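Colleague: sequence? don't have it. structure:
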């Protein structure tokens with residue numbers, strides 16, 4: 001994270017105000033003198049912020065108090081990047097969806113929160129794309145990735161099947177239904193695309 005880490009630690013510790021740190025965050029993620037996002041820096045930031053959040057929050061508190069944390073403010077600020085920067089950020093989050101652990105639980109909650117909190121349909125579509133790209137390849141799939149996608153498609157809070165990108169073409173619809181059927185036991189798949197539970 002380089003020279004940004006001191007300011008980041010100060011912000012996460014409550015010392016630096018939002019007004020002074022968050023507006024300066026995005027420009028610091030570009031390679032020096034260019035308009036190209038520095039992917040390793042974004043990956044490092046996502047991992048570091050998550051580790052700090054997990055250290056501070058207890059596992060039972062993660063889902064309930066996620067929105068009010070400085071870590072989540074940083075991750076929401078990253079959603080203001082352009083499409084490519086957002087895609088890199090979401091991939092950095094998805095990289096952390098692995099085996100059952102507090103680490104995976106935190107990043108799963110983050111991914112679902114970013115989906116539900118997004119006002120822009122494009123962000124919801126990008127979250128879905130990142131998860132789907134990892135699920136359409138051959139198995140085995142990481143446990144955290146599967147759990148996150150199942151929660152997204154089954155929980156009525158997310159209204160997944162009501163979004164237009166799930167029905168934009170018959171081919172896309174078939175891919176979603178195929179992945180949904182492979183993620184969820186056969187007894188529950190009949191009602192997946194209608195959103196019923």
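Modeller: Received the coordinates, thanks. Just so you know, these numbers come straight off a predicted model, no measurement behind them.
Colleague: from now on I want contacts and neighbour counts done on CA atoms only, so please keep to that.
Modeller: Noted.
Colleague: name the element the residue nearest the centre of the chain belongs to?
Modeller: For the chain, the residue nearest the mean C-alpha position is residue 111 (2.8 Å; C-alpha atoms, centre = their mean). Per DSSP states H and E: residue 111 is located in helix 102-117.
Colleague: who's in contact with the nearest residue to residue 89 once chain neighbours are set aside?
Modeller: Once flanking residues are discounted, residue 89 sits nearest to residue 42: 6.4 Å by C-alpha to C-alpha, 6 or more residues apart in numbering. Neighbouring residues of residue 42 by C-alpha atoms under 8 Å, 6 or more residues apart in numbering: 29, 88, 89, 92.
Colleague: so which bits of the helix or strand residue 42 falls within are buried?
Modeller: Element membership of residue 42, judged by DSSP H and E, is helix 39-56. For helix 39-56, burial by neighbour count (16 or more other C-alpha atoms under 10 Å) applies to 39, 41, 42, 43, 45, 46, 47, 48, 49, 50, 53, 54.
Colleague: residues touching the next helix or strand after it, excluding its own?
Modeller: Note on helix 39-56: by DSSP H and E, the next helix or strand toward the C-terminus is helix 62-65. With contact meaning C-alpha under 8 Å, 6+ apart, helix 62-65 is reached by 54, 106, 109.
Colleague: the helices in the protein, which residues?
Modeller: 4-12, 18-25, 39-56, 62-65, 70-78, 83-94, 102-117, 121-135, 143-154, 170-183 (DSSP state H).
Colleague: among those helices, which comes closest to residue 163?
Modeller: With C-alpha to C-alpha, the closest approach to residue 163 among these belongs to helix 121-135: 7.9 Å.
Colleague: mind giving me the packing neighbours of the closest one?
Modeller: Here helix 121-135 touches helix 83-94, helix 102-117, helix 143-154, going by 3 or more C-alpha pairs under 8 Å, 6 or more residues apart in numbering; DSSP states H and E.
Colleague: try 10 Å
Modeller: helix 83-94, helix 102-117, helix 143-154, helix 170-183 (3 or more C-alpha pairs under 10 Å, 6 or more residues apart in numbering; DSSP states H and E).
Colleague: tell me the angle it makes with helix 143-154.
Modeller: Per axes from the mean of the first three to the mean of the last three C-alpha atoms, to 10 degrees, the angle that helix 121-135 makes with helix 143-154 is 130 degrees.
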